[in-house]
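> Structure, please.
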Amino acid sequence: MADYVLAIDQGTTSTRAIIFDKSGSIIDSGQLEHRQIFPKAGWVEHDPMEIWNNTREVIGLALSKADLTRHDIAAIGITNQRETAVVWDKKTGKPVYNAIVWQDTRTQSIVDKLAGDDGPDRFKDIVGLPLATYFSGTKIVWILDNVEGARERAEAGDLLFGTTDSWVLWNLTGGVDGGVHATDVTNASRTMFMDLETLSWRDDILEAFGVPRSMMPEIRSSSEVYGHAESSSLLRETPIAGILGDQQAATFGQAAFEQGEAKNTYGTGNFLIFNTDTEIVRSQNGLLTTVGYKLGDEPAHYALEGSIAVTGSLVQWLRDNLGIISSASEVQTLAETVEDNGGAYFVPAFSGLFAPYWRSDARGALVGLTRYVNKGHIARAVLESTAYQTREVLDAVNADSGVPLTELKVDGGMTANDVLMQFQADILGVPVVRPVVAETTALGAAYAAGLAVGFWSGLDDLSKNWQEDRRWEPRMEEADRERLLRNWRKAVTKTFDWVDEDVS
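Take a look at the predicted model:
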């Protein structure tokens, strides 16, 4: 039998292919960034063709570096940026518009219209989500309403919609020549169109949005064979057998399979997921109810999620927009030049505020400035903002679940930053734990695919693979923690009510 599983991790800033062995260790990988397109303030787009071309290239890079062929790969898993919407022509295979990214805020007027007198929670009991620009449903509406001829082509059955997992799957399995148009339950649960109880599309909600049912992919489990790589692929005939949205994939890769287990991923944004097992828990504290995973014919497992829009991308902004650092890793060095934040707090509400506030009218603010504050203090404020936002989400999780978290498993690129991880433990007041394999998003997709083809025999195999790499214990005095949190919450209020009807 083949000795490895390959995961495609189609993320917000890059696409990667990572090869794992049976122990969950990384053998080799390939990675390519794609362009971030900002046509207007609040608009964020990607080129779907660039993403697909990069996907093919990173597969080749990973196989070449590992000196492997398709015969060595037992299965392919896919994980992806979840709410980013692609609409394409099924006859030509060409997108009708750029992918509209999850961070994009252009659809606020569509959100307001749909909310009407019922408010943003109009569909929340059914789909687990408030009406917000974050989710893909309103992005489809924008494309249908603003791209010439798109609505007519969609109603004629010529256009398909998918998040980037569906886009990659369709192309990888043949595209216009029989490509499989499907998604898994975790990605479907982020559209605003899927009923959490039946795990199927709701025709009444699709009708309310004005989205033709014919555009929608088939909803499948997270772990089954969807199809095989087409004949011209380097992985031809290899089964594609796992799909998980990136945050659910990271949770799966962290082996957080039991009720009450949680993880926090530090990436472009931050996403904390708390496993509620087979129970649908509807949040009373600003969290999302989502599907955690579904393995084949087994019942779906659900989760509460706290979504934070801007964390790692704030470091990127510091580098690309202000030029204060020349590489992301320099932010730690700069932050270490000072002992504290100097009184400065950075609330990165670039796309409004997500959990637990859900304030689309908010915009970013750097507050508490004096002549004393220098770029070291700003760098520290940038890192601390990630930890403060995580604390607020964790407080909401504790309130909803009634079970205080005793430690937090973490993953993602920012966990390499010791300053941030120590401050995170300090501001939470609980230990922060990083696993040996920090690439848990790709690992989760590999696990889902491997389970479907018998590469791993069950969840116990995956749990045995998890190993602790580093633990940060809280060292901050309670009085200091409360003072910092008080000032942070004050800073957050300064971002509210910024966007008026005539301001974008």
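> backbone phi and psi for the residue of the chain most remote from its centre, please?
The centre of the chain is farthest from one residue, Arg371, which by Cα atoms, centre = their mean lies 37.7 Å away. Here is the backbone geometry of Arg371 (degrees, to the nearest 10): phi -60, psi -20.
> what does the model give Asp502 for pLDDT?
In the prediction, the pLDDT value recorded for Asp502 is 64.
> Same check on Val86?
98.
> Point me to the helix or strand that includes it.
strand 86-89 (DSSP states H and E).
> Pull the residues that contact that strand.
48, 94-97, 99, 140, 143-144, 147, 150, 153-154, 158-164, 166-167, 215 (Cβ atoms under 8 Å, 6 or more residues apart in numbering). Every residue, glycine included, has its C-beta placed from N, CA and C.
> Sitting in strands, which of these do you find?
99, 159-162 (DSSP state E).
> Around Val492, how many other residues sit close by?
22 (other Cβ atoms under 10 Å).
> Give me the buried stretch members for the strand holding Val86, please.
For strand 86-89, burial by neighbour count (16 or more other Cβ atoms under 10 Å) applies to 86-89.
> ok, so of these, who is nearest Gly210?
Within those, the smallest distance to Gly210 is 13.5 Å, found for Val87 (Cβ to Cβ).
> what bridges to the closest one?
Phe161 (DSSP bridges).
> re earlier: may I ask which two of the ones in strands among the contacts of strand 86-89 are separated the most?
Most distant of the ones in strands among the contacts of strand 86-89, by Cβ to Cβ, are Ala99 and Leu159, 14.0 Å apart.
> Tell me which of these two has more neighbours.
Set Ala99 next to Leu159 and count neighbours by other Cβ under 10 Å: Ala99 wins out with 30 against 26.
> Run through the neighbouring helices and strands of the lengthiest helix in the chain.
Identified as the longest helix of the chain according to DSSP state H is helix 375-401. Using 3 or more Cβ pairs under 8 Å, 6 or more residues apart in numbering; DSSP states H and E, the elements in contact with helix 375-401 are strand 262-266, strand 270-277, strand 301-308, helix 312-317, helix 330-335, strand 345-347, helix 418-428, helix 478-493.
> tell me which residues in that helix are buried?
Across helix 375-401, burial judged by 16+ other Cβ under 10 Å covers 376-397, 400-401.
> just how off-centre is it within its chain?
Here helix 375-401 shows a centroid-to-chain-centroid distance of 17 Å under the convention Cα atoms, centre = their mean, to the nearest Å.
> same thing with stretch 332-345?
Counting by Cα atoms, centre = their mean, stretch 332-345 comes out at 28 Å from the chain centroid.
> One more: stretch 175-189?
Taking mean C-alpha positions (Cα atoms, centre = their mean), stretch 175-189 and its chain are 18 Å apart.
> before we move on, what about stretch 227-247?
From the chain centre to the centre of stretch 227-247 is a distance of 20 Å (Cα atoms, centre = their mean).
> Next, the distance between the ends of that stretch.
Taking Cα to Cα, to the nearest Å, the first and last residues of stretch 227-247 lie 23 Å apart.
> cool, and stretch 246-264?
In stretch 246-264, first residue to last residue: 12 Å (Cα to Cα).
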